[in-house]
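Peer 1: Return a 3D structure for these sequence lines:
(one chain, ligands or ions: 2)
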Amino acid sequence: MAPKVFIDGEAGTTGLQIRERLIGRTDLQLISIDPDKRKDSAARAEMLNSADAVILCLPDEASKEAVSLIENPSVKVIDASTAFRTAEDWAYGFAELDRRQRSRIAAATRISNPGCYATGAIALARPLVSAGILPADLPVSFNAVSGYTGGGKAMIAEFEDETAANFTKVPYRIYAMGLSHKHVPEIQKHSGLLTRPIFTPAVGRYAQGMLVELPLHLATLDDGRSLGEIHAAFAAHYKGERFVQVASLDEAKGLTTLDPEGLNGTNRLKIFVFGSDTSGQARLVALLDNLGKGASGAAVQNLNLALGLQEAAGL
Ligand SMILES: NC(=O)C1=CN([C@@H]2O[C@H](COP(=O)(O)OP(=O)(O)OC[C@H]3O[C@@H](n4cnc5c(N)ncnc54)[C@H](OP(=O)(O)O)[C@@H]3O)[C@@H](O)[C@H]2O)C=CC1
Ligand SMILES: CC(=O)N[C@@H](CCC(=O)OP(=O)(O)O)C(=O)O
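Peer 2: Numbering: from 1, shown residues only. Ligands and ions are numbered 1, 2, ... in the order given. Predicted coordinates:
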């Protein structure tokens, strides 16, 4: 029989998108909670323990509660919140992290789905740290912009609902100025960085899509002090990957602008190596959909791996 999948929080932004991706699938069956009981712990516990896999699309505290309600040891859990992303006993759900990550995800019963910004940042830093190009202790910064769906239902209302008390028409704003954004710990841990990175996020007045940047002075690198060598490290790391691509240096050179919405509706992430060997500076950029590879797409990819289904099914 096809495995049963329950999405706890299926009425939220991430949950709805996962549901849309899974609804037509015949290799699994979606089970849903009575909408009136979606916040009733007893009803949730029943659903959580009767599924083969559950995807938690909830705020951190509700996610922790959901995990505590699971008593059936065979239930596989994919959590989309921040709650378990640095937990040692959870597999980090970025399948392209290294060559072993897919099998870790496939073998795990607890999988943490990465944060959207973290996905971009780790996709840029991890291959360069692993290749010995980016010194692990180098102080680096990640700069990023996201569409407002990244903030879930509350932020969507802020930008779209003219009747909301905090409705805003602001075109662009920076935030997390205290440099303690919730994604910093997972970025540091899974990139292999020894020095806490600076992370400077911003949100724009558009719904979805994001750019995450890692600017580097080539002289600060251990090895690979040219755009060509950096590009080669990315190309080797992501060789054969279906959902992470590396733009050729020629493609990058031909671009004068880059649109954060370029991969919307997909589970893909694309890396660009911009910059100049002459000036000794690189501007590395990851483009992804915060609701795609940054959330729902990755959750479906992890679900497929965890249940031993076609990795690309539903994506
Ligand atoms: N949006 C994004 O781009 C990304 C989000 N995430 C993470 O995914 C998770 C969900 O985020 P997102 O979908 O954006 O948030 P939303 O606010 O859009 O959705 C959260 C859903 O959880 C429901 N909920 C809240 N508390 C409980 C509870 N105790 N029991 C059952 N349901 C509950 C909410 O109910 P109600 O409808 O009543 O509010 C809502 O439907 C968060 O942890 C977020 O950090 C991860 C990556 C990217
Ligand atoms: C634009 C915006 O506000 N984005 C969210 C991050 C979205 C995300 O990845 O969320 P989780 O880590 O909660 O899963 C933020 O910065 O808080």
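Peer 1: Could you measure from the residue in the chain sticking out farthest from the centre over to residue 226?
Peer 2: Distance to the chain centre peaks in the chain at residue 278, reaching 33.5 Å (criterion: CA atoms, centre = their mean). In this view, residue 278 and residue 226 are 11 Å apart by CB to CB, to the nearest Å. Quick note: C-beta positions are derived from backbone N, CA and C, even for glycine.
Peer 1: residue contacts, residue 121?
Peer 2: Shown in contact with residue 121 (CB atoms under 8 Å, 6 or more residues apart in numbering): 142, 144, 183, 187, 191, 197, 199, 212, 214, 286.
Peer 1: Quick check: pLDDT value at the residue farthest from the centre of the chain.
Peer 2: The model reports residue 278 with a pLDDT of 97.
Peer 1: That one: which element?
Peer 2: Following DSSP states H and E, one finds residue 278 outside all helices and strands.
Peer 1: Could you tell me how far it is located from residue 133?
Peer 2: For residue 278 relative to residue 133 (CB to CB), the value is 19 Å.
Peer 1: cool, residue 59 as well?
Peer 2: In this view, residue 59 and residue 133 are 37 Å apart by CB to CB.
Peer 1: the more surrounded of those two?
Peer 2: residue 133 (20 against 15; other CB atoms under 10 Å).
Peer 1: surely that one meets residue 228?
Peer 2: No. Using CB atoms under 8 Å, residue 133 is not in contact with residue 228; the gap is 11.7 Å.
Peer 1: just so I have it, where are all the helices in this protein?
Peer 2: Per DSSP state H, the chain carries helices over the ranges 13-22, 41-50, 60-69, 101-107, 116-130, 152-160, 184-191, 227-237, 249-253, 297-306.
Peer 1: So which residues on the stretch 1-150 of the chain come close to ligand 2?
Peer 2: Within reach of ligand 2 by CB under 6 Å from any ligand atom, the stretch 1-150 of the chain has these residues: 80, 81, 82, 115, 116, 117, 146, 150.
Peer 1: Number of residues surrounding the fourth one?
Peer 2: Right, residue 115. Look at residue 115: counted by other CB under 10 Å, it has 25 neighbours.
Peer 1: can you check the first one too?
Peer 2: For residue 80, the neighbour count with other CB under 10 Å is 27.
Peer 1: Provide a list of residues in contact with it.
Peer 2: By CB under 8 Å, 6+ apart, the contact set of residue 80 is 9, 14, 55, 56, 57, 58, 63, 113, 295, 299.
Peer 1: how close does the third one get to ligand 2?
Peer 2: Using CB to the nearest ligand atom, to the nearest Å, we find residue 55 at a distance of 13 Å from ligand 2.
Peer 1: what's that residue in contact with, if anything?
Peer 2: Contact partners of residue 55, counting by CB under 8 Å, 6+ apart, are 5, 6, 7, 8, 15, 18, 78, 79, 80, 113, 299, 303.
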